[in-house]
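K.L.:
Structure for this input, please:
(2 chains)
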Number of protein chains: 2
Amino acid sequence: MRTLRLDLAERSYPIHIGSGLLDDGALYRPYIRGRRVVVVSDSQVAGLYGARVCAALADYRPLLLQFPPGEGSKTLETYATLADGLIEGRFDRRVALVALGGGVVGDMTGFLAATYQRGVDFIQIPTTLLAQVDSSVGGKTGVNRPGGKNMLGAFHQPRCVLADTGTLSSLPRRELAAGLAEVIKYGLIADAGFLAWIERELGALFEGDEVALQHAVYRSCEIKAAIVAADERESGQRALLNLGHTFGHAVEAATGYGAWLHGEAVGLGMLMASDLSHRLGRLPGEAVARIAALLERAELPTRLPADIPTDTLLGYMAGDKKVLDGQLRLVALDGIGQGVIVSGVEAEVLAAVIDAARAPMAA
Amino acid sequence: MRTLRLDLAERSYPIHIGSGLLDDGALYRPYIRGRRVVVVSDSQVAGLYGARVCAALADYRPLLLQFPPGEGSKTLETYATLADGLIEGRFDRRVALVALGGGVVGDMTGFLAATYQRGVDFIQIPTTLLAQVDSSVGGKTGVNRPGGKNMLGAFHQPRCVLADTGTLSSLPRRELAAGLAEVIKYGLIADAGFLAWIERELGALFEGDEVALQHAVYRSCEIKAAIVAADERESGQRALLNLGHTFGHAVEAATGYGAWLHGEAVGLGMLMASDLSHRLGRLPGEAVARIAALLERAELPTRLPADIPTDTLLGYMAGDKKVLDGQLRLVALDGIGQGVIVSGVEAEVLAAVIDAARAPMAA
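P.N.:
Numbering: from 1, shown residues only, chains lettered A, B, ... in the order given. Reported below is the predicted structural model:
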C-alpha cells in the first residue's frame, strides 16, 4: 500500500492506494467519529463488494443504501431517497457515509454528506479507474439537472480515500479505457514523462497489471492532489484539470447523458482541445497526431457523431459551469505536459474544431 | 444606519441595520462580483418590495424568481425549480443571489447559493423580525424533508445582510410576536439587562417604534454574531442559540409544519426549557413565572395543544439534529441571561415537562 496526502490544512486527508484495502477495517476506523456508518453504493457494486465492506465495518452496524447504477441515477430524486433513508434511520451528525462505487456514487454520496444535517463525514472507496484517479480526489460533489451536469453540488472533502486497485479487475474493458482517458489527461497537462510511461505501459494497464495500475493511480492522484491543494475552489490553476471537459460535457449532453461514458467524452474533448491548441498556434500538429494515436490505442472514441449539429454543441458549451460572465474559459496545451487556461476563443475557431472532429482525425 | 460585523476570517461580513436600506444600491454593490443578480423571494414579499429591490439593482439586470409563501415551500421541489430557473437563465458562478423575505426565503436562497454550481455569493434582505434577528445571521441554510426540518442544508455565509427595519411595518402582529420570541431568547441565554429592556419596551416594539426595533435587532444580532464567530459550525457554544428549539421543532412537527409559526413554537419551547431548568434545580420558580409572563405579554402561546401525546413529542425530539449518537443535548438556563448545554436528561423528566406544558403555566 502506498499513501498520498492531500494537503488542505484541517481538511487534509490520506489517499491509500493498494490491493485488498476495502477489507481492512483498521483503515476506516480513524475516520469514523460516531457509532454508526452508512454505506452508499449502486446495486451492481453493492453486489460485488457490499458484503466485504460491511464485514470490515461490522463494529459500526453498517446500513447499506443502494440505487440503480448509471449516470441516470445522479439526480435530486435519488438524493432525496437516500436522505430519507438516513432520516428514517435516525442517523445524526456523527454518522460517517462510505461511498462505495464509481463517480456517480462518489458524487452523490459526497453531496449527501455535504448537506445531510449541514454536513457529515464521508469516506471514499472508488471502484472504477476513473473514480480512483479523478472524482474521488478533490472534494467536488454534485448531482445533475436536466439543464446540465453537476449543476447542484458542493465542495466537501472526504476524510479518507481507499483506492483499492483490486476492484479494477471487475471493471469492463470499456470502463477501464474511460478511466485511462483521465490518466492520459494528467500526463498532458502536467507531466510529459508520465505520458510517455502511459504510452509504454498501455498494454500492461489493459491487462490489469497491479503494479502498473497502482503507479497510474498514484501518479494521477499525486498530480491532482498538488493542483487541488494549491487551488481548492477552482479560482485558478485547478481549472487545468478540466482539459477536454468543456467539449466533453457538451458531447455528453448532446448525446444524452449515459450514452457516452464520461471518460470517453473527455477523451474526445481532449483531442478537440489539442486541435484547438494547434489552431491557436500553441501545439504542433505532430503532438495532436501523437495524442490521437494514444487515444485510439486506449480504445477511446476520437470522432464526434455526425448527427450532432455544431450549434447544438456550441450551445451546450456556452452553458457550461466554466463560463464566467459569458466569457468561455478553456484548457489548451502549450505542449505535451503543459496545460494552459485560455479565454476569448472566437466562436468560429470553436466551430472549426467541432467540424473537424466529425471527420477522421489525424493518426 | 448602524453596522455590525460578523467576524469569520475571510468569510466575515457586515450586517447593516436601519430604515430604507433596501433602496440603496450602494449597499449591495461591493458584494456583487459578476454582471447579473437574481432576486429570490416569495410572491407576497415580492409584491411588497420586489420592485424596489430590482430598481436598486437595475445596473445588474435583476431576474426575480418567486415561489408561494410559507414553510410548505421550503422543499427540495422548490429548490429544484429555482435551480432550473438559474440554469435556464444561464447564470454562471459569478451570479449573486439576493434573498428577499423571511426565514423560508433566506434558508432556501442560502441553500441554493451554497450549492448552485458548488457555491455562489448571496446577500440577505430579511423582511421579518425573526429573520432579522436570527436566520439571516450565521450562515445556516437548508430545506425540510417530510421526516424533519432543515434535514438537508449547508453552512454558507452571506456576503452582506441588509436588515431594513422599514419592512417590519408590513409585518402582521402575529409575525412580529413570533420574532420577539427570538429576541427574548437572546436576553435569556446571554444578557439579563437586555431581557429587562425588552420587558420595558415591549409596548414600543409592538407599536413599530423604529428606535426600539433597531435596538432590538442590533443587540440580538450582536449576541448572535459573537456566538457564531466563536463557533461557526456548532461544535459547542453555538448550540446555546437553540434554547427552546428542540422542544419547539417537536411542536412544529407534531402540529404539522406551518400551523404554528417557528417563533411561536420556540416561545413555548423556551418556556418548557425554563421549566426543565427548574426541575433540574438550575432555575428558581420565580424566573420561570417571569419568563411565562413576558411570553404571554408578547402574545405568544404558552400551552401545548391537548391532543399531542407525550410520546409523539418525545419521538420528534429524539429525531432532532441536536441528538448526538443517541444522546439528547438540550439548552437550559442557569439563571436569566445564562444559557447552558445539558445532556443525559432522563425521559421521565422530559415527559413531566411535556405534561406540565399542557396545563396552564405559572404566570
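K.L.:
all strands of chain A, in order?
P.N.:
Remark: strands assigned in chain A by DSSP state E are A:2-6, A:13-18, A:37-42, A:63-67, A:96-101, A:121-126, A:140-145, A:148-155, A:160-164, A:323-324, A:327-333, A:339-343.
K.L.:
Quick check: can you list the domain ranges of chain A?
P.N.:
Chain A breaks down by automatic domain parsing into domains covering A:2-170, A:174-358.
K.L.:
and of those, who's closest to B:E252?
P.N.:
Comparing those against B:E252 with C-beta to C-beta, the closest turns out to be domain A:2-170 (15.5 Å). The way it works is simple: take the backbone N, C-alpha and C, and place the C-beta from them, glycine included.
K.L.:
How about the closest residue to chain B within the stretch 101-250 of chain A, nearest residue that isn't a chain neighbour?
P.N.:
Here the stretch 101-250 of chain A gets closest to chain B at one residue, A:G147, 3.6 Å apart by C-beta to the nearest C-beta. Nearest-residue entry for A:G147: B:I87, 3.6 Å, with adjacent residues in sequence omitted and distances by C-beta to C-beta, 6 or more residues apart in numbering or on different chains.
K.L.:
Any idea how many residues pack against that neighbour?
P.N.:
18 (other C-beta atoms under 10 Å in any protein chain shown).
K.L.:
cool, A:P146 as well?
P.N.:
Other residues lying near A:P146 total 12 when counted by other C-beta under 10 Å.
K.L.:
Show the contacting residues for it.
P.N.:
For A:P146, the contacting residues are B:D84, by C-beta atoms under 8 Å, 6 or more residues apart in numbering or on different chains.
K.L.:
could you pull out the helices for chain A?
P.N.:
Ranges of helices within chain A are A:25-28, A:43-45, A:51-56, A:76-88, A:103-115, A:129-130, A:173-190, A:192-206, A:210-230, A:245-255, A:262-279, A:285-297, A:310-318, A:347-358, based on DSSP state H.
K.L.:
so what's the residue nearest to A:G147 up against?
P.N.:
A:145, A:147-148, A:151, A:319.
K.L.:
go on, A:D355?
P.N.:
The contact partners of A:D355, by C-beta under 8 Å, 6+ apart, come to A:T310.
K.L.:
Output the below-cut-off pLDDT ranges for chain A.
P.N.:
A:320-326, A:360-363 (pLDDT under 70).
K.L.:
And A:A96, how far from B:D231?
P.N.:
Counting by C-beta to C-beta, to the nearest Å, the separation of A:A96 from B:D231 is 22 Å.
K.L.:
So for these two, which sits in the more crowded spot?
P.N.:
Between A:A96 and B:D231, counting by other C-beta under 10 Å, A:A96 is the more crowded of the two (26 against 14).
K.L.:
That one and A:R35 touch, don't they?
P.N.:
No: judged on C-beta atoms under 8 Å, A:A96 makes no contact with A:R35 at a distance of 9.9 Å.
K.L.:
what's the overlap in contacts for those two?
P.N.:
A:Y60.
K.L.:
what's the burial count for A:E348?
P.N.:
Counted with other C-beta under 10 Å, A:E348 comes out at 8.
K.L.:
now swap in A:G256 and tell me
P.N.:
10.
K.L.:
Any figure for the gap between it and chain B?
P.N.:
Here the criterion is C-beta to the nearest C-beta, to the nearest Å. By it, A:G256 lies 17 Å from chain B.
K.L.:
cool, A:Y13 as well?
P.N.:
Counting by C-beta to the nearest C-beta, the gap from A:Y13 to chain B is 18 Å.
K.L.:
coming back round to it: with distance to B:S343 added, can I get the domains of chain A in CSV?
P.N.:
Shown next, in CSV, are the domains of chain A (distance: least, C-beta to C-beta, whole Å):
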stretch, distance to B:S343
domain A:2-170, 13
domain A:174-358, 35
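K.L.:
Minimum distance to B:L268: which of the ones you listed has it?
P.N.:
Ranking those by proximity to B:L268 (C-beta to C-beta) places domain A:2-170 first, at 23.8 Å.
K.L.:
Distance from the chain centre to that closest one, please.
P.N.:
Computed by C-alpha atoms, centre = their mean, to the nearest Å, the chain-centroid distance of domain A:2-170 equals 14 Å.
K.L.:
Quick one: end-to-end distance for it.
P.N.:
From its first residue to its last, domain A:2-170 covers 22 Å (C-alpha to C-alpha, to the nearest Å).
K.L.:
what's the answer for stretch A:24-33, then?
P.N.:
Taking C-alpha to C-alpha as the criterion, the two ends of stretch A:24-33 lie 17 Å apart.
K.L.:
any residues touching it, and which ones?
P.N.:
A:13, A:16, A:21, A:37, A:56-60, A:94, A:96, A:98, A:121, A:123, A:159-160, A:162.
K.L.:
Give me the buried entries from those residues.
P.N.:
A:13, A:16, A:21, A:37, A:56-57, A:60, A:94, A:96, A:98, A:121, A:123, A:159-160, A:162 (16 or more other C-beta atoms under 10 Å in any protein chain shown).
K.L.:
Let me see the contact set for A:V251.
P.N.:
Taking C-beta under 8 Å, 6+ apart, one finds A:260, A:265, A:268-269, A:304, A:308, A:313 in contact with A:V251.
K.L.:
same deal with A:E252?
P.N.:
A:149, A:259-260, A:262, A:265.
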